[in-house]
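# sequence? don't have it. structure:
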């Protein structure tokens, strides 16, 4: 992946066709749409090609979530039928659902964002969706909200909730009901939420912003949304203050059983290469601890770490500073501190490593995607514990052709062991230069 060009650049170069192309909003994509033989008997399929037409989206940077019935949900940064328009793209982004039926999948658009001009969010980017305790969908948009100039952007971002209609919809095309839970304000509030949201045991929501906060350089913040009587109240629970603290958290956070929050910062720390932090409830406030500062052992982590049953943390970096190598790492409790170890190194992968959280199955195997840059255009991988070490298996290498390219996606697994995710560009649609992205499946 050395010398690859970041896929976001191709996304922002989208040149939309004039005219209107009709889109069948619910389409069945047969599993034979595309099948590429894989090692160890696995098969890669594209189960949806985004087109950016009608309510269909474009550029699914975020990955997917799966409900108990095996339905998939996701967001696209662009597309949908919202009124956002710029020199780069049209549409404010969308939310979609994929339902398995027989040997195929049905695609259903659930919502198109309307942008700050309608007091709605715009451009759901990296964090994707979280399924709440009530079974509905929660997420963030990078921009939009109130019609305020936020560091040159229209709006500072939102947190939203999406539910199916209360009464039986007239058709499967009926949109879901969106409620904006919070519209971010210019600093000292946090600005531009990108990471995944997390619930605590009391039903409060937590997340991070890339910018905003109270420090001079607006390095970002950790926020909390507390529900009461059907409304939500926002508070900033921590302001990043680099160095030696981190700055610019793309990751969001996750909460452990004790209510501690964990996340990463893309930059900051003692070498401005990122940090892994813990926030611990302390009386009426929070105490932050930097558990690891990235220097030469992988740099620039996008993703939230995950935890196993023993309290070990697993994550990845997108880059390496002096070595140019992204890594997969483990951070383990050790005599009152934390021991850091590298499980796998992506050689020559500067800025092309995993951007999304890893996934661990019941056997302790880790799965993820490497976003790549240009050649190759990213991959899906498995990392398996074996004889005291780890064995790396490449499950698919993207070509940025009909199979998609440059995945920023997490990986989800169903009860049969099938894997699912997205790729931010590529695919068969000609409506976006470089492709509008895909949803993919890998079957054992």
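Alright, I've got the coordinates. Source: prediction; values computed, not measured.

# gap between the nearest residue to residue 120 once chain neighbours are set aside and residue 288?
Sequence neighbours aside, residue 114 is the residue nearest to residue 120 in space, at 3.8 Å (criterion: CB to CB, 6 or more residues apart in numbering). The C-beta positions use only the backbone N, C-alpha and C, and glycine is treated the same way. Distance, residue 114 to residue 288, using CB to CB, to the nearest Å: 36 Å.

# how about the strands in the stretch 1-150 of the chain?
Secondary structure of the stretch 1-150 of the chain by DSSP state E, counting those that start in this stretch: the strands cover 28-30, 35-37, 43-49, 57-58, 65-66, 72-76, 78-79, 94-101, 104-112, 121-122, 129-131, 137-141, 143-144, 149-150.

# Can I get those strands in CSV including mean neighbour count, distance to residue 433 and mean pLDDT?
Shown next, in CSV, are the strands of the stretch 1-150 of the chain (neighbours: other CB atoms under 10 Å; distance: least, CB to CB, whole Å; pLDDT from 0 to 100):
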stretch, mean neighbour count, distance to residue 433, mean pLDDT
strand 28-30, 15, 23, 37
strand 35-37, 12, 23, 46
strand 43-49, 22, 15, 97
strand 57-58, 30, 11, 95
strand 65-66, 18, 29, 98
strand 72-76, 28, 16, 98
strand 78-79, 34, 13, 94
strand 94-101, 20, 19, 94
strand 104-112, 21, 22, 95
strand 121-122, 30, 21, 96
strand 129-131, 19, 27, 97
strand 137-141, 28, 24, 98
strand 143-144, 30, 22, 95
strand 149-150, 17, 28, 86
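
# closest to residue 201 out of these?
Residue 201 lies closest to strand 129-131 among these, at 14.8 Å (CB to CB).

# gap between residue 187 and residue 229?
29 Å.

# Between those two, which is the more surrounded one?
Set residue 187 next to residue 229 and count neighbours by other CB atoms under 10 Å: residue 187 wins out with 20 against 4.

# which residue ranges form the helices in the chain?
Taking DSSP state H, the helices of the chain run over residues 7-11.

# Flag the shaky bits of it, pLDDT-wise.
Counting by pLDDT under 70, the chain contains low-confidence ranges at 1-41, 86-89, 168-174, 216, 321-323, 349, 374.

# which residues sit in contact with residue 427?
46, 49, 50, 402, 403, 404, 435, 436, 437, 438 (CB atoms under 8 Å, 6 or more residues apart in numbering).

# Most neighbours among those, which one?
residue 437 (35 neighbours).

# if we can go back for a sec, from the contacts of residue 427, which ones fall inside strands?
Members of these lying in strands (criterion: DSSP state E): 46, 49, 438.

# could the residues you listed go into a markdown table alongside distance to residue 203?
Shown next, in a markdown table, are the ones in strands among the contacts of residue 427 (distance: CB to CB, whole Å):
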| residue | distance to residue 203 |
| --- | --- |
| 46 | 37 |
| 49 | 37 |
| 438 | 35 |
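
# Nearest to residue 379 among those?
residue 438 (14.5 Å).

# Find the residue closest to that closest one in space, skipping its chain neighbours.
With sequence-adjacent residues excluded and distances taken as CB to CB, 6+ apart, residue 438 is closest to residue 404, at 3.8 Å.
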